[in-house]
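[1] model this:
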Amino acid sequence: MKKALLILVAVIGLGFAANAQNNLGLRIGTGAELSWQTALGSNNRLELDLGANGFLNWNDYHYFSLTGIYQWHWYIVDRFGWYVGPGAQASFFRSAAGNNYFNIALGGQIGIDYELPIPLQLSLDFSPMWNFLGTYSGFGWGAGFGIRYMF
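    Numbers count the residues shown, from 1 in each chain. Purely as a prediction, here's the structure:
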């Protein structure tokens, strides 16, 4: 009886995951980001990432950022898809020399994702951005690997 109940709960959980409207997890690139995605219709979604860098000392600066990306998403096959969309970012930087500054960036994102049979999504993306303010103004880019729980 316990096995039947456990199987029933697992099947229902996987059924909800197949129609997931929200994803929450981590996106790892130059820094680490708390990443949330929400569906905006059948093929569109919004991704918000709250990021930070500096605790691993990968660069000569530390930052906190908030990034918003509007994504158009298409499935290539069953659970494997790709997405592209425009985005914006607001960041606060502190350089190794102790200089602080605020930055605004505009750009986009292109990537692929895969929804596992369990309620997890894996993604790999590339994000070119144009930075408008501060010492690091000009073109920049980042890449990230994401793992998110689907609910």
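
[2] Which pLDDT value belongs to residue 121?
    Listed pLDDT for residue 121 reads 98.

[3] which residues touch it?
    20, 23, 25, 113, 114, 115, 146, 147, 148, 149, 150 (CB atoms under 8 Å, 6 or more residues apart in numbering). Where you see a C-beta, it was placed from the backbone N, CA and C, and this is true even at glycine.

[4] what number of residues lie near residue 83?
    If you count neighbours by other CB atoms under 10 Å, residue 83 ends up with 22.

[5] And residue 117, by the same measure?
    A count of neighbours around residue 117, defined by other CB under 10 Å, yields 9.

[6] all strands for this protein, in order.
    Assigned by DSSP state E, the strands in the chain fall at 22-28, 32-39, 44-53, 61-77, 80-95, 100-115, 120-131, 138-150.

[7] Can you give the distance from stretch 75-95 to the centre of its chain?
    The chain centroid and the centroid of stretch 75-95 are separated by 6 Å under CA atoms, centre = their mean, to the nearest Å.

[8] Can you tell me the closest non-neighbouring residue to residue 85?
    Spatial nearest neighbour of residue 85, excluding adjacent residues (CB to CB, 6 or more residues apart in numbering): residue 71 at 4.0 Å.

[9] Which positions within stretch 72-91 qualify as buried?
    73, 81, 82, 83, 84, 85, 87, 89, 91 (16 or more other CB atoms under 10 Å).

[10] Which single one of the residues you listed is nearest to residue 125?
    Closest to residue 125 out of these is residue 83 (7.9 Å), distances taken as CB to CB.

[11] State the pLDDT value of the closest one.
    What the model reports for residue 83 is a pLDDT of 98.

[12] What's the separation between it and residue 98?
    To residue 98, residue 83 is 38 Å away according to CB to CB, to the nearest Å.

[13] swap in residue 137?
    Noted for residue 137: a distance of 19 Å to residue 98, by CB to CB.

[14] Right, I'll call it a day here.
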